[in-house]
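Colleague: need a structure here:
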Amino acid sequence: MKTRSDDLEILLAVVDSGGFSAAAELLDIQVARVSRAVSKVESQVGVSILNRTTRRLELTEEGRQFVETIRLGLLQIQQAEEEIITRGELPRGRLRVDAASPFVFHQLVPLIQPFKQTYPDIELELTSNEGFVDLLEKKTDLAIRIGNLTDSTLHARPLGKSLLYIVASPDYLARRGFPNKSSDLIHHDSLGFSTPKTLNDWPLKGFTRLTPTLTSSNGETLRQLALMGNGIACLSGFMVKKDIAEGRLIPLLESEKITNSGREQINAVYYKSSTVAKRISAFIDFIQPKLAL
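Modeller: Residues are numbered from 1 along each chain as shown. This next block holds a predicted model:
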């Protein structure tokens, strides 16, 4: 092996942070050390990995393939070391979990304290992204994804299904009236997602994509807007079932709903080769029976 793992880690930091100075700050080392490490790796492999301009760094085609491979390779080495060190012990070490912010707020946050009591040596790091993240690029061990899966390189464990609900507040319905059929929605204020647009395909028979009156990229923002009487929204049950039970939101058009639109499925996903598996399995096994989907 011509390259050193510490130099490769520095190269990945440069790629992920977008520059030498940013990588140096992230790793708490001098910029000159970063520059030397990248130049050394390029010299050892005999190709240019980065195109350097005054404005930004870009990976060459060879560099892109190299970075993808070493990222996975370094992850496997780290995981192999941790696996042998922690064999026979309770899982320990860092676990980075990513999910859309509504799922974090409504489902994960209430479970964190009891999880930490059960697994005190697992260091949880929670991140919230409204879209799907690249697990390797974002150094994420486990992601909670809602809806159909498309990435076949990821291992998936189903967590359950959360039905969608068309909802509005009592205040809004008192002012604007109830829609009796899906075609009535064109006469109402609707709350929808700015991205991705597919989330505005409400699960109603014969219903085409909605053009919302007001949009947000965040499901929790849409829930708050609905609670404050700004319009009708389509949201996952894990966000609104409690609101419905307590009368803060009213479910609409239940007789016209399609209950298998593809958006109901919730999965935990991670790389099949991952031997952070002890921590991942501990987390999934703990939360799955406790989720209020």
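
Colleague: in the stretch 151-293 of the chain, what spans have low per-residue confidence?
Modeller: Low-confidence segments of the stretch 151-293 of the chain (pLDDT under 70): 151-153, 272-275.

Colleague: make it 90
Modeller: 151-156, 183, 195-201, 205-211, 257-264, 269-281, 292-293 (pLDDT under 90).

Colleague: which residues in it form strands?
Modeller: Per DSSP state E, counting those that start in this stretch, the stretch 151-293 of the chain carries strands over the ranges 154-161, 164-168, 190-193, 214-216, 232-236, 250-252, 265-271.

Colleague: what do you get for the stretch 1-150 of the chain?
Modeller: 50-52, 57-59, 93-99, 122-128, 142-146.

Colleague: still on that earlier bit, hey, which of the strands of the stretch 151-293 of the chain is tucked in deepest?
Modeller: Neighbour counts (mean count of other CB atoms under 10 Å) averaged over each of the strands of the stretch 151-293 of the chain peak at strand 232-236, with a mean of 27. Just so you know, the C-beta spots here come from the backbone N, C-alpha and C atoms, and that holds for glycine as well.

Colleague: dump the strands of the stretch 151-293 of the chain into JSON lines; add distance to Pro114 as well.
Modeller: As requested, these are exported to JSON lines (distance: least, CB to CB, whole Å):
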{"stretch": "strand 154-161", "distance to Pro114": "17"}
{"stretch": "strand 164-168", "distance to Pro114": "28"}
{"stretch": "strand 190-193", "distance to Pro114": "32"}
{"stretch": "strand 214-216", "distance to Pro114": "31"}
{"stretch": "strand 232-236", "distance to Pro114": "23"}
{"stretch": "strand 250-252", "distance to Pro114": "30"}
{"stretch": "strand 265-271", "distance to Pro114": "18"}
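
Colleague: and of the ones you listed, who's closest to Arg145?
Modeller: Arg145 lies closest to strand 265-271 among those, at 5.3 Å (CB to CB).

Colleague: then the closest one to PDB, C-alphas only?
Modeller: The C-alpha trace of strand 265-271 is given here as PDB (Å, rounded to 0.1, in the frame of the first residue of the first chain):
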ATOM      1  CA  GLN A 265     -43.100   2.900   4.600                       C
ATOM      2  CA  ILE A 266     -40.400   3.900   7.100                       C
ATOM      3  CA  ASN A 267     -37.000   2.200   6.900                       C
ATOM      4  CA  ALA A 268     -33.700   2.400   8.700                       C
ATOM      5  CA  VAL A 269     -30.900   2.200   6.100                       C
ATOM      6  CA  TYR A 270     -27.100   1.700   6.300                       C
ATOM      7  CA  TYR A 271     -24.400   0.100   4.200                       C
END
